[in-house]
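**Q** Build me a model:
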Amino acid sequence: MGGSQEVIEVTLLDGSFAGSREVRVASADVSYRLYVVPARQIRDFRSHKHMSKPGIYIMLGDPTDKKPEVYIGQAKRRKNGNGTIHRIIEHIDRGEHLFCLWAIMLVDDARKFGPTELTNLENTFTLAAQEAGLTRVRNGCEPSNSELTLATRLRLDKVVETTRLMLGALGIYVLDPCPDGGSAAKNPKPNNTGEAQDSSAPEAILLPDGEPELVLYMALRSAEKPAVAHKMSDKVWVLKAGSPVNPTPTNDTGRALRAKYDGQIRDGRTTIDLVFTSPSTAATYVAGSNRSGNATWRTSDGTLLKDLA
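**A** Below is the predicted model:
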């Protein structure tokens with residue numbers, strides 16, 4: 001199977017894999033970094049150059065709990081130089097989110113993580129965590145969203161996809177619907193949108209004639225152009241030939257879908273139109289791991305499928 005590979009670098013900031021870590025993608029076009037710090041060590045890094053940048057933060061409870069608590073927020077760069085890590089310390093000093101045992105920070109320079117980007121990333125991360133259903137999201141209300149150009153939306157979608165990869169490399173599942181071995185991969189059930197995560201490919205469905213009801217797009221960090229899907233009916237979703245896919249499936253559902261269409265990918269792209277029964281199945285095929293189609297596919301103006309009237 002063709003396609004590029006991602007090299008993820010993990011730096012042990014205190015010499016222990018169970019302690020504070022920095023995660024980066026070894027790519028010239030990826031400047032953002034992910035930090036995972038135990039809450040007990042958070043003050044030790046208050047002067048850290050990169051953790052003081054603007055970013056998105058996740059305050060995570062005990063990961064051994066069946067459904068740990070989580071809070072997701074954003075931190076803009078302030079005039080005094082304080083950024084993401086200082087926002088987390090403020091929560092702790094106020095006695096807020098005392099369940100937090102781990103602080104996760106996605107940070108970048110202010111020119112790339114400005115107010116608009118941060119607001120949209122916070123919204124996307126919060127909705128993804130709610131869709132995943134593996135944590136108890138403690139955000140009091142759904143964060144607002146901003147209108148974006150298609151180019152900016154696709155760029156931020158790649159940031160989200162890369163963040164999933166970096167978290168997955170550490171075995172942290174907050175944004176993904178199902179980690180390897182999770183029950184949802186073996187027993188698909190409705191997500192928050194009522195849509196089943198089905199790993200079966202509809203080989204028997206015939207592609208109907210006519211124009212599609214919707215044309216949708218899904219960005220991948222590893223590809224310059226997005227995957228394209230046509231909604232022909234509620235039960236017929238066509239992933240168009242030439243759509244990019246993640247080169248290596250990362251869980252059982254993704255591997256099962258790829259096996260059903262074995263030989264239909266060349267150089268990281270589909271070679272023929274592929275038909276699926278739901279947008280989630282099509283998105284899972286593209287990503288190589290479970291995805292909610294309603295929270296992944298977008299129209300040309302950046303509107304999520306779930307937000308369409």
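
**Q** quick one: contacts for Arg136?
**A** Shown in contact with Arg136 (C-beta atoms under 8 Å, 6 or more residues apart in numbering): 67-70. Backbone N, C-alpha and C define where each C-beta goes, glycine included.

**Q** what's the pLDDT at it?
**A** We have a pLDDT of 91 for Arg136.

**Q** Likewise for Pro279?
**A** Looking at Pro279, its pLDDT stands at 90.

**Q** What strand or helix carries Met59?
**A** Taking DSSP states H and E as the criterion, Met59 maps to strand 55-60.

**Q** Paired strands for that strand, with orientation please.
**A** Using DSSP bridges, strand 55-60 pairs in its sheet with strand 69-75 (antiparallel), strand 102-107 (antiparallel).

**Q** Tell me where the stretch 151-300 of the chain is predicted with low confidence.
**A** Applying pLDDT under 70 to the stretch 151-300 of the chain picks out residues 177-210.

**Q** Quick one: the helices in it, in order.
**A** Secondary structure of the stretch 151-300 of the chain by DSSP state H, counting those that start in this stretch: the helices cover 183-186, 252-260, 279-287.

**Q** Can you check what angle separates the second one from helix 279-287?
**A** In other words, helix 252-260. Per axes from the mean of the first three to the mean of the last three C-alpha atoms, to 10 degrees, the angle that helix 252-260 makes with helix 279-287 is 80 degrees.

**Q** How many residues are close by Leu101?
**A** Here the number of neighbours of Leu101 (other C-beta atoms under 10 Å) works out to 17.

**Q** pretty sure Ser278 is touching Ser233, no?
**A** No: at 11.2 Å, Ser278 does not count as touching Ser233 under the criterion of C-beta atoms under 8 Å.

**Q** between these two, which one's more packed in?
**A** Ser278 (19 against 12).

**Q** Against Ser289, how distant is the more buried one?
**A** Noted for Ser278: a distance of 16 Å to Ser289, by C-beta to C-beta, to the nearest Å.

**Q** Next: Leu101.
**A** Leu101 is 25 Å from Ser289, where distance means C-beta to C-beta.

**Q** for Ile42, same thing?
**A** According to C-beta to C-beta, Ile42 stands 30 Å off from Ser289.

**Q** neighbour-wise, which of those two wins?
**A** The neighbour count for Ile42 versus Ser289, taken as other C-beta under 10 Å, is higher for Ser289 (26 against 22).

**Q** Identify the residues contacting the more buried one.
**A** With contact taken as C-beta under 8 Å, 6+ apart, Ser289 is in contact with 176, 178, 246, 249-251, 253-254.
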